[in-house]
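> how does the following fold in three dimensions:
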Amino acid sequence: MHFVHELWAPILLAAVGVFVVSSVLHMLIPIHRNDYRKLPDEDAILAYMRDAGIAPGEYVFPCPDSMKDMGTPEMAEKFKVGPVGFLTIRPPATINMGVSLAQWFLFSILVSICAAYLTHAALPAGSAYLSVFRFAGCVAFLCYGVSHVPDAIWKGASWTTTFKFVFDGLIYGLVTGGIFGWLWPELSH
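Numbers count the residues shown, from 1 in each chain. Predicted structure coming up:
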């Protein structure tokens, strides 16, 4: 963990930089305004879900009981007529933006620690800005951006929305790489 002691400043500043940039991307620039849609007749659907006692968790529908069930004509018909999807149900409560933002910041610190670890393992002190920028930025991009692609592949998330999050990850990677390149340690004499 020597690298954390040596790279604490870029780790924290990159997390702060990503936090600020993500706030701008999500609150000031309308890129994510239409990522999600409202259910038709939302009140009736929510009332049905409450009455059905649907507990918090991850759901898939239609949901086969087994892989063998997946190949039955009945299941094929359910998939054919739809709807088909994934659903996440959170516990009932108001959304606590403070808690979510704190978790996002902690995740940003984790990504910065990963970038620090891998960049420190690959590049010595005194490495050129561009080398550090490219390496740390690539690690951060992979963590922030590419991590959204499996949702489009496996859960049917919109590719348009997915590419927006990949774009966000690219911006966060550039911020992280820039800060690491700027604050990368010099050679000791």
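
> now the strands for this structure?
57-61, 85-89 (DSSP state E).

> so residue 104 touches residue 22, yeah?
Yes: taking contacts as Cβ atoms under 8 Å, residue 104 lies within contact range of residue 22: 7.1 Å. Just so you know, the C-beta spots here come from the backbone N, C-alpha and C atoms, and that holds for glycine as well.

> more neighbours: which of those two?
residue 22 (19 against 16; other Cβ atoms under 10 Å).

> state the mean pLDDT of stretch 125-137.
Average pLDDT, stretch 125-137: 96.

> figure out how far the helix or strand bottoming out on mean pLDDT in the chain is from the centre of its chain.
Least confident helix or strand of the chain, by mean pLDDT, DSSP states H and E, is helix 2-6 with a mean of 79. On the basis of Cα atoms, centre = their mean, to the nearest Å, helix 2-6 is displaced by 26 Å from the centre of the chain it belongs to.

> and the residue lying closest to residue 69 once chain neighbours are set aside, how far is that from residue 81?
In space, and not counting its chain neighbours, residue 69 is closest to residue 75: 5.8 Å by Cβ to Cβ, 6 or more residues apart in numbering. Using Cβ to Cβ, to the nearest Å, one obtains 11 Å as the distance from residue 75 to residue 81.

> which of those two has more neighbours?
More crowded of residue 75 and residue 81, by other Cβ under 10 Å: residue 75, with 16 against 9.

> now stretch 166-179: buried residues?
For stretch 166-179, burial by neighbour count (16 or more other Cβ atoms under 10 Å) applies to 166, 168-179.

> who touches it?
Residues outside stretch 166-179 that contact it (Cβ atoms under 8 Å, 6 or more residues apart in numbering): 10, 13-14, 17-18, 21-22, 25, 31, 108, 111-112, 115, 132-149.

> and the residues you listed, which are buried?
Looks like the contacts of stretch 166-179 have 10, 13-14, 17-18, 21-22, 25, 108, 111-112, 115, 132-145, 148-149 buried, using 16+ other Cβ under 10 Å.

> and the helices in the protein?
2-6, 8-23, 42-52, 67-70, 73-81, 97-122, 129-144, 149-154, 159-183 (DSSP state H).

> turn those helices into CSV, columns for distance to residue 87.
Shown next, in CSV, are the helices of the chain (distance: least, Cβ to Cβ, whole Å):
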stretch, distance to residue 87
helix 2-6, 39
helix 8-23, 25
helix 42-52, 9
helix 67-70, 19
helix 73-81, 15
helix 97-122, 19
helix 129-144, 25
helix 149-154, 13
helix 159-183, 16
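
> out of the ones you listed, which is closest to residue 35?
Taking Cβ to Cβ, helix 159-183 is the member of the helices of the chain nearest to residue 35, at 4.6 Å.

> mind checking which of the helices of the chain is nearest residue 88?
So among the helices of the chain, helix 149-154 is nearest, using Cβ to Cβ, at 11.0 Å.
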